[in-house]
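1. Structure for this input, please:
(one chain, ligands or ions: 1)
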Amino acid sequence: MSMNAAISSLKQSRGVIERYREFLPVSDSTPIVSLGEGTTPLVYSAKLSARVGRGCEVFVKNEGVNPTGSFKDRGMTVAVSKAIERGARMLICASTGNTSASAAAYAARAGIECAVILPAGKIARGKLLQAFVHGAKIIAIDGNFDDALRIVRKLGQRENLAIVNSINPDRIAGQKTAAFEIVDLLGDAPHFQLLPLGNAGNLTAYWAGYREYHGNGRSKKLPAMLGFQAAGAAPIFHDKIIERPETIASAIRIGNPASWKQARAAIDQSKGIVDLVTDEEIIDAQIWLARHEGIFVEPAGAAAIAGLFKCCSAKDAVYSFKKIPKGSRIVCTVTGHGLKDPDVLTARMETTTPVAADEERVLRALGL
Ligand SMILES: *Cc1c(COP(=O)(O)O)cnc(C)c1O
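-> Next up is the predicted model:
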């Protein structure tokens, strides 16, 4: 057997391009760059279902278990494959952290260079470490994410450079596959799809995915899209650009979303809503999910869970689940892994004083 035949006969997990090729902008001549992304768990939560009541079923789509720990990998496999097909020599992106982590890993896999433009001091430690370890050229700027994206838009016009932010339609195409997976597992679309909203590319992508499957007769209904922004970074909610967005959830710390119009249209067409969640609600939801379902997500990843809680009980919620149709199915997408951003929670962790290496002492320390 030749080396190539040996490699191609290896059993590898399929990434989203292989799984959903017919729905993606690839051809037989597209070189596929994949790390086996997608096919992430859709976890039924009895506890969240009980919170909603009325016989509703809540599922958590855990995107934190993608190869680099966020949903960005679904879009990156398509964006990088297409960039290579077009002859790009270097990827470039602005990032709040996860796009750069993903771009750096896929660039390494593809054997090309990657430049990441980041707001100085604003990137979660784990994410910055990922960009570094995968060998990206990291440029920190004195500015925020929106400034970084403005610069990348300009630089990306150069030959051989490929922008892999979600303004690249190949990213959105890849991210649609999360909606496909949900429909494939549930047998239909859910009634409600909850997502965090940052640059708003992902909500745009989910809606495109749900609509495409619906148009193909693979689902009977379309979900209402419910997007949640952090209270200090809520341009779509307030319908105005936020010059200095602030939130502990760095992945959604964005004041002027690139896919603002598309997400607004998706929310309106789907009869959905945009609402706010405070940093405190986000952290509470993050810890709740970790303690009650064993799923550890980063703060931005918990925004949809915080949103679900708000819809269940808050008087000021834009949409109330009190009047939700009985037996509704709800999917909350959690977008990134908790280990990426340890600093947010470390401050809350109790420090333990060591006890003697002795069975009795340990028993006593356990309160047994
Ligand atoms: C990128 C990201 C978001 C925001 O997604 P948008 O497409 O920018 O709205 C939310 N959570 C995590 C963990 C992310 O990495």
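
2. For the ligand, what's the nearest residue on the stretch 251-368 of the chain?
-> Distances between the stretch 251-368 of the chain and the ligand by CB to the nearest ligand atom are smallest at Gly336, namely 2.8 Å. The way it works is simple: take the backbone N, C-alpha and C, and place the C-beta from them, glycine included.

3. Specify the beta-bridge partners of that residue.
-> When bridges are assigned using DSSP bridges, the partners listed for Gly336 are Ser70.

4. For it, list the residues it contacts.
-> Gly336 makes contacts with 63-64, 69-71, 98, 251, 297-298, 300-301, as judged by CB atoms under 8 Å, 6 or more residues apart in numbering.

5. So which of the residues you listed reach the ligand?
-> Filtering the contacts of Gly336 for proximity to the ligand (criterion: CB under 6 Å from any ligand atom) leaves 70, 98, 251, 298, 300-301.

6. Between the residues you listed, which sits nearest Val133?
-> Val133 has its nearest neighbour among the ones next to the ligand among the contacts of Gly336 in Asn98, at 14.6 Å by CB to CB.

7. I am assuming that closest one contacts Ser70, so please confirm or correct that.
-> Yes. Because the distance of 4.1 Å satisfies CB atoms under 8 Å, Asn98 is recorded as touching Ser70.

8. Mind listing the shared neighbours of those two?
-> Counting by CB under 8 Å, 6+ apart, the contacts common to Asn98 and Ser70 are 251, 336, 340.

9. In CSV: these, plus pLDDT.
-> CSV is the format used below for these (pLDDT from 0 to 100):
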residue, pLDDT
Ala251, 96
Gly336, 98
Lys340, 96
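
10. Can I get stretch 344-355 in CSV? Just the C-alpha atoms.
-> As requested, the backbone C-alpha atoms of stretch 344-355 are provided in CSV (Å, rounded to 0.1, in the frame of the first residue of the first chain):
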residue,chain,number,x,y,z
VAL,A,344,-13.0,35.1,36.0
LEU,A,345,-13.8,32.4,38.5
THR,A,346,-10.4,31.9,40.2
ALA,A,347,-11.2,35.0,42.4
ARG,A,348,-14.2,33.2,43.7
MET,A,349,-12.5,29.9,44.5
GLU,A,350,-11.9,29.2,48.2
THR,A,351,-8.3,28.5,49.1
THR,A,352,-7.8,25.3,51.1
THR,A,353,-5.3,25.0,53.9
PRO,A,354,-3.5,21.7,53.8
VAL,A,355,-4.1,19.2,56.6
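
11. dump the residue contacts of the residue nearest to Gln229 when sequence neighbours are not counted.
-> If the residues on either side of it in the chain are set aside, Gln229 comes closest to Leu197, at 4.9 Å by CB to CB, 6 or more residues apart in numbering. Contacts were defined as CB under 8 Å, 6+ apart; by that measure Leu197 touches 203, 227-229, 236, 252, 257, 263, 274, 303.

12. Go again with 7 Å.
-> By CB atoms under 7 Å, 6 or more residues apart in numbering, Leu197 lies in contact with 203, 227-229, 236, 252, 263, 274.

13. same deal with Ala79?
-> Here Ala79 is in contact with 164, 168, 170-171, 174 (criterion: CB under 7 Å, 6+ apart).

14. If we use 6 Å, what do you get?
-> 164, 168, 170-171 (CB atoms under 6 Å, 6 or more residues apart in numbering).

15. Just the buried residues from those, in ChimeraX please.
-> Provided next is the ChimeraX selection string for whichever of the contacts of Ala79 are buried by 16 or more other CB atoms under 10 Å:
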select :164,168,170,171
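
16. Cross the contacts of Ala79 against helices and list the overlap.
-> Using DSSP state H, the subset of the contacts of Ala79 located in helices is 170-171.

17. So which of the ones next to the ligand among the contacts of Gly336 sit within helices?
-> Secondary structure assignment (DSSP H) places Asn98 from the ones next to the ligand among the contacts of Gly336 within helices.

18. Quick check: closest non-adjacent residue to Tyr106.
-> In this structure, Tyr106 finds its nearest non-sequential neighbour in Val80, 4.2 Å apart by CB to CB, 6+ apart.

19. The one you found falls within a helix, correct?
-> Yes. Residue assignment for Val80, taken from DSSP: H, G, I helix; E, B strand; the rest coil, places it within a helix.

20. doesn't Val33 make contact with it?
-> Yes. In terms of CB atoms under 6 Å, Val80 counts as a neighbour of Val33; the distance is 4.6 Å.
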